[in-house]
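K.L.:
3D, please:
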Amino acid sequence: MRLGITGHRGLSAQVERMVRDALHAGLRKYDPAELLGVRCLADGPDTWFAEAVLDSGGRIEVVVPAEQYREGLPESHRATYDELLARASEVHHTGMRASTSQAHMAGSEILVGLVDRLVAVWDGQPARGYGGTADVVTYARRTGVPVDVVWPKGSTRD
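P.N.:
A predicted model of the protein is given here:
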């Protein structure tokens, strides 16, 4: 089973705990030997998902949206990004240089094309900028990829 993830960054510690628990619980239904998680490894749900897949015994593939993607991530997250990138069984690139919204959406489109299902840590609201979680969910649904929404009841983004 090839699972991808998209999700909101900057969630509170309380929401993070609930999302991490939900991701771990959701992965239990899959055979670890056949589980492959795909994502760009941004801070937040991307990373939590990759860690949960690896913890369950699965493998990860990474999509790098742009050559300058790592530099656009919070400095505090870069070591985690490097560690997970090194553990990827395969790395996909968009071919773009600058880490822009267009590059991020292109990376998400590649991701959606690689997976059987998409997990979305999504509050159900419109994207706050091009390439946001809602845009990725819309793209997945338009291309026929099933989407499983994870959003703890009563949670907020801000």
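K.L.:
so is Val63 in a helix, a strand, or just coil?
P.N.:
Put simply, Val63 is strand when judged by DSSP: H, G, I helix; E, B strand; the rest coil.
K.L.:
and it, how far is that from Gly107?
P.N.:
5 Å (CB to CB, to the nearest Å). The way it works is simple: take the backbone N, C-alpha and C, and place the C-beta from them, glycine included.
K.L.:
now stretch 54-73, how far from the centre of its chain.
P.N.:
Chain-centre distance of stretch 54-73: 9 Å, with CA atoms, centre = their mean, to the nearest Å.
K.L.:
and the residue lying closest to Thr133 once chain neighbours are set aside, how many neighbours does it have?
P.N.:
Leaving aside its chain neighbours, Thr133 sits nearest to Trp122 (4.7 Å; criterion: CB to CB, 6 or more residues apart in numbering). By other CB atoms under 10 Å, the residues close to Trp122 number 21.
K.L.:
tell me the contacts of Trp122?
P.N.:
Neighbouring residues of Trp122 by CB atoms under 8 Å, 6 or more residues apart in numbering: Thr6, Gly7, His8, Thr133, Ala134, Val137, Val149, Val150, Trp151.
K.L.:
The host helix or strand of Val137 - contacts with which helices or strands?
P.N.:
Assessed by DSSP states H and E, Val137 sits inside helix 133-142. When contacts are defined as 3 or more CB pairs under 8 Å, 6 or more residues apart in numbering; DSSP states H and E, helix 133-142 packs onto strand 2-7, helix 101-114, strand 117-121, strand 147-150.
K.L.:
Now tell me what touches that helix from outside.
P.N.:
6-8, 105, 108-109, 111-112, 118, 120-122, 125-127, 146-147, 149.
K.L.:
Report the buried members of those.
P.N.:
6-8, 105, 108-109, 111-112, 118, 120-122, 127, 147 (16 or more other CB atoms under 10 Å).
K.L.:
residues touching the closest residue to Ala42 other than its chain neighbours, list them.
P.N.:
Distances taken as CB to CB, 6+ apart place Arg9 nearest to Ala42, at 6.0 Å, with adjacent residues excluded. With contacts defined as CB under 8 Å, 6+ apart, the neighbours of Arg9 are Ala42, Asp43, Gly44, Pro45.
K.L.:
Is it possible to get JSON lines of the residues you listed that adds distance to Val53?
P.N.:
Putting the contacts of Arg9 into JSON lines (distance: CB to CB, whole Å) gives the following:
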{"residue": "Ala42", "distance to Val53": "15"}
{"residue": "Asp43", "distance to Val53": "17"}
{"residue": "Gly44", "distance to Val53": "15"}
{"residue": "Pro45", "distance to Val53": "12"}
